[in-house]
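In: Prediction below, plus the sequence it came from.
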Amino acid sequence: MTLIKFSESIRNTFIQMMKKDKKIILIGLGTNDPKGIFGTTSGLSKIFGTKRVIEPPTSESALTGICIGAATRGLKPVLSHQRVEFSLLSIEQIINQAAKWNFMSGGKQKVPLVIRLIIGKGWGQGPQHSQSLETLFAHIPGLKVVAPSNAYDAKGLLVSSIKDNGPVIFFEHRWLHNIQGRVPKKIYSVKIGKAKVIQKGKDLTIVSFSDALIQLMRIKKILKLSKISAEIIDLRTIRPLDKNLILKSVKKTKNLLVLDNGWKSFGISSEIISLVCENLSKNLKSNPVRLGIKEMPIPSTRVLAKDFYLNLNEILKAISKITRKSIKLKIIEKYLPKQGLNETDIPYKDFTGPF
């Protein structure tokens with residue numbers, strides 16, 4: 001094991017996999033930029049050359065079509081978008097071509113394509129560059145959608161995504177890139193479609209993923225000192241959803257809280273709650289609860305944005321209400337993350353890992 005950042009885990013995985021398989025190519029705006037897509041592709045063109053690490057012209061739809069074609073002809077493209085919104089310019093290619101090509105060819109043609117989409121908040125990013133649009137892609141049959149929350153899963157899921165014979169949407173929240181984790185030096189896989197129980201508990205099940213899960217991890221000690229036993233599940237994969245693990249956990253705890261990474265209406269949290277209510281309605285002690293960001297376009301200014309996202313106070317209140325256990329103010333004041341309950345629009349200073 002080595003202690004590295006999320007971004008380093010992604011970069012190291014590319015180096016290992018590209019040395020092993022010459023069919024893998026990286027392509028996307030910013031790939032050869034000095035910042036290298038938040039450090040994940042820095043210096044790779046010097047190692048593998050510009051024929052395998054490609055900085056293309058700005059034409060997202062054409063670029064996606066080229067990658068789909070390359071995938072059907074035996075290459076394994078990894079297409080990167082520095083913001084999820086850029087992929088919206090190629091949505092027809094992703095939904096009507098990549099997702100359906102295997103089906104329409106009767107299984108004769110595979111599309112081994114990975115599309116990296118950077119999501120996430122940040123003051124100044126504004127309404128058009130800071131959205132979490134996982135639910136748009138998770139809705140589409142034919143696509144697999146993953147969203148790692150830590151450096152270990154980032155590598156394992158990226159390996160599995162590259163090896164997969166179909167199109168995989170790989171979500172990276174930009175605030176996770178600096179969080180550290182222990183990662184094996186060797187190549188390993190994390191199975192797509194398999195969630196993980198991070199912490200076992202008996203009072204309630206909390207399901208989350210990506211950055212929203214980090215918010216929960218930051219108050220884990222407060223919950224422990226308040227004698228609240230939470231079973232925490234990291235989805236890791238959004239489609240296909242690990243239904244069995246979620247149902248098994250909720251059947252035990254009889255309570256459910258879902259922390260969504262984006263808007264909660266028509267989102268991932270809605271799907272999980274529907275799953276639980278359709279199968280375990282008679283087992284529940286309380287109504288399932290979902291939390292997400294405010295239902296409006298994302299503000300640019302810090303003054304507005306700080307009240308827009310999920311904050312720790314909302315999460316603590318929801319947990320206390322569901323479990324009917326009080327969380328003492330003195331515990332909150334003592335173990336509150338340094339940046340405060342509501343200051344959610346600056347990079348974390350209190351949580352860097354390991355996970």
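Out: Okay, I see it.

In: ok, how many other residues are close to residue 102?
Out: By other CB atoms under 10 Å, 18 other residues sit near residue 102. Just so you know, the C-beta spots here come from the backbone N, C-alpha and C atoms, and that holds for glycine as well.

In: Flag every buried residue along the helix or strand containing it.
Out: According to DSSP states H and E, residue 102 maps onto helix 101-104. The neighbour-count check on helix 101-104 (16 or more other CB atoms under 10 Å) flags 101, 102 as buried.

In: Looking at residue 354 now. What's its pLDDT?
Out: Note on residue 354: pLDDT of 69.

In: how much space is there between residue 165 and residue 96?
Out: In this view, residue 165 and residue 96 are 19 Å apart by CB to CB, to the nearest Å.

In: Residue 257 now?
Out: For residue 257, the distance to residue 96 equals 36 Å [CB to CB].

In: Look up how far residue 124 lies from residue 302.
Out: In this view, residue 302 and residue 124 are 8 Å apart by CB to CB.

In: What of residue 174?
Out: In this view, residue 174 and residue 124 are 13 Å apart by CB to CB.

In: Comparing those two, which shows the higher neighbour count?
Out: residue 174 (21 against 11).

In: Skipping adjacent residues, who's closest to the more buried one in space?
Out: residue 120 (4.2 Å; CB to CB, 6 or more residues apart in numbering).

In: So what's the residue count around that neighbour?
Out: 22.

In: What average pLDDT does the helix holding residue 102 get?
Out: Mean pLDDT, helix 101-104: 96.

In: what's the following helix or strand after it?
Out: With DSSP H and E, the next secondary element past helix 101-104 is strand 114-119.

In: Sort out which residues of stretch 150-167 are buried, please.
Out: 150-164, 166-167.

In: what's the answer for stretch 114-128, then?
Out: Neighbour-count burial for stretch 114-128, counted by 16+ other CB under 10 Å, picks out 114, 115, 116, 117, 118, 119, 120, 121, 122, 123, 125.

In: Off-centre distance for it?
Out: A distance of 12 Å separates the centroid of the chain from that of stretch 114-128, by CA atoms, centre = their mean, to the nearest Å.

In: Can you get me the start-to-end distance on that stretch?
Out: 23 Å (CA to CA, to the nearest Å).

In: what's the answer for stretch 242-260, then?
Out: OK, stretch 242-260 end separation, CA to CA: 16 Å.
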